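Engineer: model this:
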Amino acid sequence: ATRPELVLETGHVTPQEGLMVVHEAHARGVKHIVVTHAMGSRWTIPQMQEGAKDDAYMEFVYHGTLGPRGQTIAEFADAMKQVGYDHCIMATDLGDVHTPPPPPYPLEPQGFLEFMQAMHKAGVSVADINRMSKTNPALALGLPPI
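Structural biologist: This next block holds a predicted model:
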């Protein structure tokens with residue numbers, strides 16, 4: 001049986017610090033790196049592309065599009081396309097005590113479905129959504145692709 005492996009997430013650091021962490025981790029042989037909600041942490045597209053070159057996954061969370069100060073689904077779709085779907089992960093960041101329902105904060109399963117539907121409506125294919133929501137998260141954990 002395949003065992004999951006550890007994942008290094010950048011956490012809530014600046015993009016400049018995050019790039020240093022990603023580069024150094026990659027150089028030291030860390031295989032599984034995720035940039036925590038890259039756009040919410042204000043990573044630019046070139047910074048995300050640079051992190052992807054060091055095999056890091058950029059995390060995009062639905063919560064980042066909800067509320068008055070968030071990014072738009074269109075911005076997410078554009079960034080994902082420019083970074084490359086092979087280097088992106090979709091998640092929600094919903095369901096904790098800080099983001100309870102009612103709207104605009106749906107419960108986790110409903111929120112994830114809404115996120116996938118919104119990304120598809122923004123032009124992201126079902127295959128790419130599956131890659132970012134199933135395959136890449138499994139690979140990030142060192143598990144076989146789904």
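Engineer: any residues touching the helix or strand Ala25 falls within, and which ones?
Structural biologist: Secondary structure assignment for Ala25, by DSSP states H and E: helix 15-27. Residues outside helix 15-27 that contact it (Cβ atoms under 8 Å, 6 or more residues apart in numbering) are 8, 10, 13, 33, 35, 41-44, 47, 50-51, 54-56. (Glycine included, C-beta is placed from N, CA and C.)
Engineer: switch to 6 Å and redo it
Structural biologist: The contact list for helix 15-27 (Cβ atoms under 6 Å, 6 or more residues apart in numbering) reads Leu8, Thr10, Ile33, Val35, Trp43, Gln47, Gly51, Asp54, Asp55, Ala56.
Engineer: From Met48, how far out is Gly18?
Structural biologist: Per Cβ to Cβ, to the nearest Å, Gly18 is found 10 Å from Met48.
Engineer: Residues that sit against both of the two, list them.
Structural biologist: Joint contacts of Gly18 and Met48 (Cβ under 6 Å, 6+ apart) do not exist.
Engineer: center of the chain - which residue?
Structural biologist: Nearest to the mean C-alpha position of the chain, counting by Cα atoms, centre = their mean, stands Glu59 at 1.4 Å.
Engineer: quick one: that one is in a strand?
Structural biologist: Yes - with DSSP: H, G, I helix; E, B strand; the rest coil as the criterion, Glu59 is located in a strand.
Engineer: helix/strand/coil for the closest residue to it other than its chain neighbours?
Structural biologist: Of all residues not flanking Glu59 in the chain, Ile89 sits nearest, at 4.8 Å (Cβ to Cβ, 6 or more residues apart in numbering). When states are read from three-state DSSP, the local structure at Ile89 comes out as strand.
Engineer: Ile89 touches Tyr57, doesn't it?
Structural biologist: Yes - between Ile89 and Tyr57 there is a contact under Cβ atoms under 6 Å: 4.8 Å.
Engineer: Give me the common contacts of those two.
Structural biologist: Joint contacts of Ile89 and Tyr57 (Cβ under 6 Å, 6+ apart) are Asn136.
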